[in-house]
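Colleague: fold the stuff below for me.
(chains A and B)
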Amino acid sequence: MIDFTLWDIVRNLLLAARWTVVLSLIAFVGGATLGFVLTVLRLSGTKWLRYPINIYVDIFQGTPLLMQMFLAFFGAAALGFNVSAWAAASVALILFTSAFLCDIWRGCVEAVPKGQWQASRVLGMNYLETMRHVILPQALRLSVPPTVGFSVQVIKGTALASVIGFVELTRAGTMLNNATFAPFTIFALVALFYFALCYPLSCYSRHLERQLYDAGLR
Amino acid sequence: MGISLDFMALSPYLGELLRGLFTTVVLTMVTTLAGLMLAIVVAYLRLNAAAWVGMALGGYVELIRNTPFIVQLFFIFFGLPALGIRIDAITAAFLAMTLNLAAYSAEILRAGIESTARGQLEAARALGMSSLQSYRHVVLIPAFSRIYPALISQCIIVMLGSAVVSQISVYDLTYAANFIQSRNFRSFEAYLLVTLIYLLLAIGMRQTFLLAGRRLFAYRQGEHA
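Modeller: Down below sits the predicted model:
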């Protein structure tokens, strides 16, 4: 029987926290890229693009992230793809993130007054030029606070990867608990680690929101 | 290698699915009610009680909002018994979901209450309404009607998040899916069906809330809200 000191527990949790951070980054960067493409396609008008994207967003917002994980992991295996927990968790989180960001960003683009579209068209700019030079720079400014705020949801979402066997912070906590039987200390520490990751982002998002408010944009 | 999907393989397990669905629905209804009531208390105290009470409640809200639900659930279910507080799985699920919903809703509600003009409360008092009456009719109900859409979304998020309680062996919809796929090895079918049920629950919940909202805030009809 090996004895775990408090330092052993903290050290192991810290090591596992790396994978929470890496998975969060994969989910966020991948989700933002896909979300951006979806946002632009959704706004570009034709209903053949808009409807499927709306349904995509509704499905990912209307079903549990845990189920999305299960489907990516067990479902893909049943369909003949052999996926690792890494791949399944990444795919599920990227799709989940892209759906939410697509919705957030659409709101930001729509918050730019309609008159600016018309003015740009009158000046002879086409859709892409209007988007690139007039709408996106303003929408981008509006989108930063809610996007930073959503990154907190992504970090918290990675905790569910523990359920399909991906060893990150939560999974490491469960494993350490099985070895040490000190659930109170361990899960309090796990919560504290998540808090340390998320709270600064929450505060930063609120700070950015206030800046926009003071600038009279919200 | 292709395999064929066989949804009929799920039909012998209708009883399990219904049992899971029942738990998920009841758990959601009870926690929504309890969570929203607790949220009103928390929001009220944060705005009106002594500074240290407000600080403590602010700490609670931030702690819940910045940690994953699954960790909160594990802490309550595995951690509290270590302190001598024994609770069963369903109680732990109820507690975790209620505390989670209350923290988010209190924050949403607070924003709604803060946007009520101070003069309105004073006017209500001047008209002879008691402090409870004026708080209820002039502050709380209008605040609720303003933040209602955000509140609906939050309640749905908690319902979807409840899938996690299967991890502490609460027999909910997700637990039923896990059970079924452990028996017939039809994981894709089982999870797909249950995901669809969750989607229908989310849609049904939104429609119910919207219908209730039309009744609750009937006085606003005709207004440009």
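Colleague: would you mark the buried spots in the one helix or strand B:Leu45 maps to?
Modeller: Assigned by DSSP states H and E, B:Leu45 belongs to helix B:14-48. Across helix B:14-48, burial judged by 16 or more other Cβ atoms under 10 Å in any protein chain shown covers B:16-17, B:19-21, B:23-25, B:27-28, B:31-32, B:34-36, B:38-40, B:42-44, B:46. For the C-beta atoms, the positions are set from N, CA and C on the backbone; glycine is no exception.
Colleague: please compute how far it lies from its chain's middle.
Modeller: 5 Å (Cα atoms, centre = their mean, to the nearest Å).
Colleague: ditto for stretch B:89-96
Modeller: Centroid displacement of stretch B:89-96 relative to its chain, using Cα atoms, centre = their mean, is 13 Å.
Colleague: contacts for it, please.
Modeller: B:23, B:27, B:30-31, B:34, B:69, B:72-73, B:76-77, B:80, B:87, B:162, B:165, B:168-170, B:172 (Cβ atoms under 8 Å, 6 or more residues apart in numbering or on different chains).
Colleague: now that stretch: buried residues?
Modeller: Those would be B:89-90, B:92-96, for stretch B:89-96 by 16+ other Cβ under 10 Å.
Colleague: any idea of the mean pLDDT in that stretch?
Modeller: The average pLDDT for stretch B:89-96 rounds to 96.
Colleague: quick one on the thing from earlier: just the buried ones from the contacts of stretch B:89-96?
Modeller: Buried by 16+ other Cβ under 10 Å: B:23, B:27, B:31, B:34, B:69, B:72-73, B:76-77, B:80, B:162, B:165, B:168, B:170, B:172, out of the contacts of stretch B:89-96.
Colleague: out of those, which is nearest to A:Val91?
Modeller: Nearest to A:Val91, judged by Cβ to Cβ, of the buried ones among the contacts of stretch B:89-96 is B:Phe69 at 21.5 Å.
Colleague: any idea how far the closest one is from A:Ala191?
Modeller: 11 Å (Cβ to Cβ, to the nearest Å).
Colleague: A:Phe166 now?
Modeller: From A:Phe166 to A:Ala191 the distance is 19 Å (Cβ to Cβ).
Colleague: do a quick rundown of the helices in the chain.
Modeller: Went with chain A since none was named. Remark: helices assigned in chain A by DSSP state H are A:6-43, A:47-61, A:65-70, A:76-78, A:85-110, A:114-122, A:127-130, A:136-157, A:169-180, A:183-214.
Colleague: not quite, I wanted chain B
Modeller: With helices called from DSSP H, chain B shows them at B:14-48, B:51-65, B:69-74, B:89-114, B:118-126, B:131-134, B:141-161, B:173-184, B:187-216.
Colleague: of those, which is nearest B:Ser4?
Modeller: Of all the helices of chain B, helix B:187-216 comes closest under Cβ to Cβ, at 10.5 Å.
Colleague: that closest one packs against which elements?
Modeller: For helix B:187-216, the elements it packs on are helix A:65-70, helix A:76-78, helix B:14-48, helix B:141-161, helix B:173-184, judged by 3 or more Cβ pairs under 8 Å, 6 or more residues apart in numbering or on different chains; DSSP states H and E.
Colleague: quick one: the third one to helix B:51-65, angle?
Modeller: Put plainly, it is helix B:14-48. 150 degrees (axes from the mean of the first three to the mean of the last three Cα atoms, to 10 degrees).
Colleague: what's helix B:14-48 packed up against?
Modeller: Counting contacts by 3+ Cβ pairs under 8 Å, 6+ apart, helix B:14-48 is packed against helix B:51-65, helix B:89-114, helix B:141-161, helix B:173-184, helix B:187-216.
Colleague: one more pass at 7 Å, please.
Modeller: Here helix B:14-48 touches helix B:51-65, helix B:89-114, helix B:141-161, helix B:173-184, going by 3 or more Cβ pairs under 7 Å, 6 or more residues apart in numbering or on different chains; DSSP states H and E.
Colleague: for A:Glu129, which of these is the nearest?
Modeller: Closest among the helices and strands packed on helix B:14-48, using Cβ to Cβ: helix B:141-161, at 34.6 Å.
Colleague: how big is the angle separating that closest one from helix A:136-157?
Modeller: Using the same axes, to 10 degrees: helix B:141-161 against helix A:136-157 is 60 degrees.
Colleague: could I get the average pLDDT for helix B:141-161?
Modeller: According to the model, helix B:141-161 has a mean pLDDT of 93.
Colleague: now swap in stretch A:150-165 and tell me
Modeller: Stretch A:150-165 shows a mean pLDDT of 96.
Colleague: for it, the distance to its chain's centre please.
Modeller: Taking the mean of its C-alpha atoms, stretch A:150-165 sits 9 Å from the chain's own mean (Cα atoms, centre = their mean).
Colleague: can you tell me what sits against that stretch?
Modeller: A:20, A:23-24, A:27-28, A:65-66, A:69, A:73, A:85, A:88-89, A:93, A:96-97, A:100-101, A:104, A:168-171, A:174, A:194, A:197-198, A:201-202, B:66, B:68, B:70-71, B:167 (Cβ atoms under 7 Å, 6 or more residues apart in numbering or on different chains).
Colleague: could you list the low-pLDDT ranges of chain B?
Modeller: Low-confidence segments of chain B (pLDDT under 70): B:1-3, B:220-225.
Colleague: mind doing that once more with 50?
Modeller: Residues of chain B that meet the criterion pLDDT under 50 lie in B:1, B:224-225.
Colleague: list the contacts for the nearest residue to B:Asn184 once chain neighbours are set aside?
Modeller: In space, and not counting its chain neighbours, B:Asn184 is closest to B:Ala9: 5.1 Å by Cβ to Cβ, 6 or more residues apart in numbering or on different chains. By Cβ under 7 Å, 6+ apart, the contact list for B:Ala9 reads B:184, B:186, B:189.
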